[in-house]
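Trainee: missing the sequence, but the structure's below:
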């Protein structure tokens, strides 16, 4: 079973007792190593239910879960009955938090059926909090306030701790002192948790309740944590609290792929692993099974300039492959046309559209790229337009949530007049303030609405989940409205039917469990969950969204100083930490490619309505000249391996 592993992977698989740190380079087979290590534990007599594996995205967790279950099912030596019924617990951090908080909801002081606010729900709650505190939502951006709350919760800080902190002073802190407590009140009123609460409240429960903590330590005696370099402070603390006295924890990560500091990831967590567990074994996986020698040589040359890292040099038995192509164009329209044209040529020569990715540093770059692909008629999909963020999908989910929890004012506000029932804002305000002065006709409308929710609740407790969603579509009146809504209505109805198809995945579960799992998964969807793998289309996405994915051919667009590496507006220069993270981000972009990389930049680019003159990115210059296709340098305006001059004639 281990014949397909290299020496270092095999060593990691057999190191089953005590703390283990696996430093796994890009494409070095870390998932395969984790899967084989779990199988080895089971072969040694460890019950599958005693094994926990945590990763970061639903897609990664789903893939790992499927591979683990397949490995255990197909191993002929694992013929004892327990392997047929028990499974390792494979989950994301957020799903793990949901599991723990629902299982011990009373101990956590939470309703068992708590709702989960996605970012859009949370943003609306912040806007409501601003309005309640008589603060102008135009003067105080809800998104920025929510980002501050999220950052502080990711550090393990509660609202009370934030307000008590002597450093939290100044105008911004005064606004937070008004809004954050009100935001928490709204969450409590709607019996809801936001994304960060799923982790923060789990941490507090494990830290303060020894009985709960010991329960999980006894249950999960062998813990695996993937992408350890991406953990924030709360995730790091949860991990440490779950590890029992035997320290059977395996952390897997890559310092060179730490790219999420903006959402709280702390590089020091992986750097401190050996301090936390002095007896830890450290194994480095450097053999890459994904990319060509040329791509890896470029990636190694880029990342070795970083200082905060552990030395690692990726190598491969693959061939040298194509040299790296570099294309300079006059402006972003020319760059987009080049990428779309080249993608069209590659597809005509036999490359599958879904084996091509276009990566960019900032979301605004997608607009001109999308236009070029549309003009060429090249099939494409933009990641970032999430299915579960579409209005019609959120409306249906709100119907199901409100049916289960009629006290959720956020859901009631969303659907009480969707579709239109003649319930105006004044009537809604009276309903939510328990004003009994509603006219009889309006009271009758409201009563019919609540009767619909009650009927929907009964259906959700008795029928398959797909039938519940279909019931909501039909009996809410939305189906009829969409049928009469022209092309836009037809598109919304199509998405609603797609939600029924998605819900059918849960039809084998008991109705109660199915609804809980469905609502949880819908709330925790990420960009990568939007990948329609059955649809042959070129993928357009940010480099951050591409983490963990791989493609035969990768275009990296917008390689200009100030864009990639990205410089914050109104700041003269990046900090050394920010500069190193930008370099890690480019390293991640390069190592998404199996066979061919195209790098492009525009000499002129319009950003926020202003045209800017750009220099080629330092990252292009840092790639050794022998790795670049020399025929393309005629378009670049700079000689291979030489820094561009300031007086280049653009």
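Mentor: Alright, I've got the coordinates. Only a predicted model underlies this, so the values are computations on that prediction, with no experimental measurement involved. Numbers count the residues shown, from 1 in each chain.
Trainee: just the buried residues of stretch 433-451, please?
Mentor: Taking 16 or more other Cβ atoms under 10 Å as the basis for neighbour counts, the residues of stretch 433-451 that come out buried are 438, 442, 445, 446, 449. Just so you know, the C-beta spots here come from the backbone N, C-alpha and C atoms, and that holds for glycine as well.
Trainee: isn't the first one up against residue 429?
Mentor: When you say that, I think you mean residue 438. No - in this structure, residue 438 sits apart from residue 429 without contact. The criterion is Cβ atoms under 8 Å, and the distance is 10.7 Å.
Trainee: how many neighbours does residue 206 have?
Mentor: Here the neighbour count serves as a burial measure; for residue 206 (other Cβ atoms under 10 Å) it reads 23.
Trainee: do the same with residue 388
Mentor: Residue crowding around residue 388 was assessed by other Cβ under 10 Å; the count is 18.
Trainee: pretty sure it is touching residue 397, no?
Mentor: Yes - using Cβ under 8 Å, residue 388 is in contact with residue 397, at 7.5 Å.
Trainee: ok, the buried residues of stretch 433-451 vs residue 200, which is closest?
Mentor: Distance ranking of the buried residues of stretch 433-451 against residue 200, using Cβ to Cβ, places residue 449 first at 34.7 Å.
Trainee: my read: the closest one touches residue 416, true?
Mentor: Yes - here residue 449 lies in contact with residue 416, judged by Cβ under 8 Å, at a distance of 6.1 Å.
Trainee: mutual contacts of those two, please.
Mentor: Listed as contacting both residue 449 and residue 416 by Cβ atoms under 8 Å, 6 or more residues apart in numbering are residue 423.
Trainee: related to what we said a few turns ago, mutual contacts of residue 388 and residue 397, please.
Mentor: Residues touching both residue 388 and residue 397 comprise residue 522, with contact defined as Cβ under 8 Å, 6+ apart.
Trainee: which residue ranges of the stretch 551-650 of the chain form helices?
Mentor: Taking DSSP state H, counting those that start in this stretch as the criterion, the stretch 551-650 of the chain carries its helices at 576-590, 618-621.
Trainee: off-centre distance for the shortest one?
Mentor: The gap between where helix 618-621 is centred and where its chain is centred comes out at 28 Å by Cα atoms, centre = their mean, to the nearest Å.
Trainee: just to revisit the earlier point, got the helices of the stretch 551-650 of the chain as TSV, with mean pLDDT columns?
Mentor: As requested, these are arranged in TSV below (pLDDT from 0 to 100):
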stretch	mean pLDDT
helix 576-590	95
helix 618-621	94
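Trainee: need the ones you listed in a markdown table (columns: mean neighbour count and distance to residue 465).
Mentor: Conversion of the helices of the stretch 551-650 of the chain to a markdown table gives the following (neighbours: other Cβ atoms under 10 Å; distance: least, Cβ to Cβ, whole Å):
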| stretch | mean neighbour count | distance to residue 465 |
| --- | --- | --- |
| helix 576-590 | 21 | 37 |
| helix 618-621 | 22 | 47 |
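Trainee: all strands for the stretch 501-650 of the chain, in order.
Mentor: If DSSP state E, counting those that start in this stretch is used as the criterion, the strands of the stretch 501-650 of the chain fall at 538-542, 551-556, 593-607, 610-613.
Trainee: which one, of those strands, ends up nearest to residue 359?
Mentor: Using Cβ to Cβ, these put strand 551-556 closest to residue 359, at 5.2 Å.
Trainee: what strand or helix carries the nearest residue to residue 391 once chain neighbours are set aside?
Mentor: With sequence-adjacent residues excluded and distances taken as Cβ to Cβ, 6 or more residues apart in numbering, residue 391 is closest to residue 492, at 7.6 Å. Here residue 492 is covered by helix 486-503, with elements defined by DSSP states H and E.
Trainee: tell me the gap between that helix and the middle of its chain.
Mentor: For helix 486-503, the separation from the chain centroid amounts to 24 Å (computed by Cα atoms, centre = their mean).
Trainee: by contact count, what packs against that helix?
Mentor: Counting contacts by 3 or more Cβ pairs under 8 Å, 6 or more residues apart in numbering; DSSP states H and E, the secondary-structure elements packed against helix 486-503 are helix 391-404, helix 465-475, helix 478-483.
Trainee: these two touch, right, residue 437 and residue 427?
Mentor: No - contact criterion Cβ under 8 Å: residue 437 and residue 427 do not qualify, at 10.3 Å.
Trainee: next one: the helix or strand where residue 346 lies to chain centre, how far?
Mentor: Residue 346 is part of helix 332-348 when elements are defined by DSSP H and E. Offset of helix 332-348 from its chain centre (Cα atoms, centre = their mean): 28 Å.
Trainee: let's have the chain start at 43 instead
Mentor: In the new count, where the first residue is 43, that last one comes out as helix 374-390.
Trainee: between strand 580-584 and that helix, find me the angle.
Mentor: With axes from the mean of the first three to the mean of the last three Cα atoms, to 10 degrees defining the directions, helix 374-390 sits at 140 degrees from strand 580-584.
Trainee: can you name the next helix or strand after helix 374-390?
Mentor: Moving toward the C-terminus from helix 374-390, the next helix or strand (DSSP H and E) is strand 398-402.
Trainee: contacts for that next one next, please.
Mentor: By Cβ under 8 Å, 6+ apart, the residues outside strand 398-402 that reach it are 381, 385, 388-389, 408, 411, 580-585, 588, 591, 593-600, 606, 631, 634.
Trainee: I'd like to know which of these are buried.
Mentor: For those, a neighbour count by 16+ other Cβ under 10 Å gives the buried set as 381, 385, 388-389, 408, 411, 580-585, 588, 591, 593, 595-600, 606, 631, 634.
Trainee: returning to what we had before: as CSV, the helices and strands packed on helix 528-545 with mean neighbour count and distance to residue 156 would be great.
Mentor: CSV is the format used below for the helices and strands packed on helix 528-545 (neighbours: other Cβ under 10 Å; distance: least, Cβ to Cβ, whole Å):
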stretch, mean neighbour count, distance to residue 156
helix 433-446, 22, 10
helix 507-517, 21, 19
helix 520-525, 18, 26
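Trainee: and residue 616, which of those is closest to it?
Mentor: In this view, the helices and strands packed on helix 528-545 are compared for proximity to residue 616 by Cβ to Cβ, and helix 433-446 is the closest at 37.1 Å.
Trainee: and that closest one, what does it pack onto?
Mentor: Packing contacts for helix 433-446, counted by 3+ Cβ pairs under 8 Å, 6+ apart, involve helix 451-457, helix 482-504, helix 507-517, helix 520-525, helix 528-545, helix 553-565.
Trainee: quick one: which of the ones you listed is nearest residue 289?
Mentor: Judged by Cβ to Cβ, the one of the helices and strands packed on helix 433-446 that comes nearest to residue 289 is helix 553-565, at 30.6 Å.
Trainee: quick revisit: tabulate the strands of the stretch 543-692 of the chain (TSV), appending distance to residue 563 and mean pLDDT.
Mentor: Formatted as TSV, the entries for those read as follows, by distance: least, Cβ to Cβ, whole Å; pLDDT from 0 to 100:
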stretch	distance to residue 563	mean pLDDT
strand 580-584	21	94
strand 593-598	26	98
strand 635-649	30	93
strand 652-655	42	83
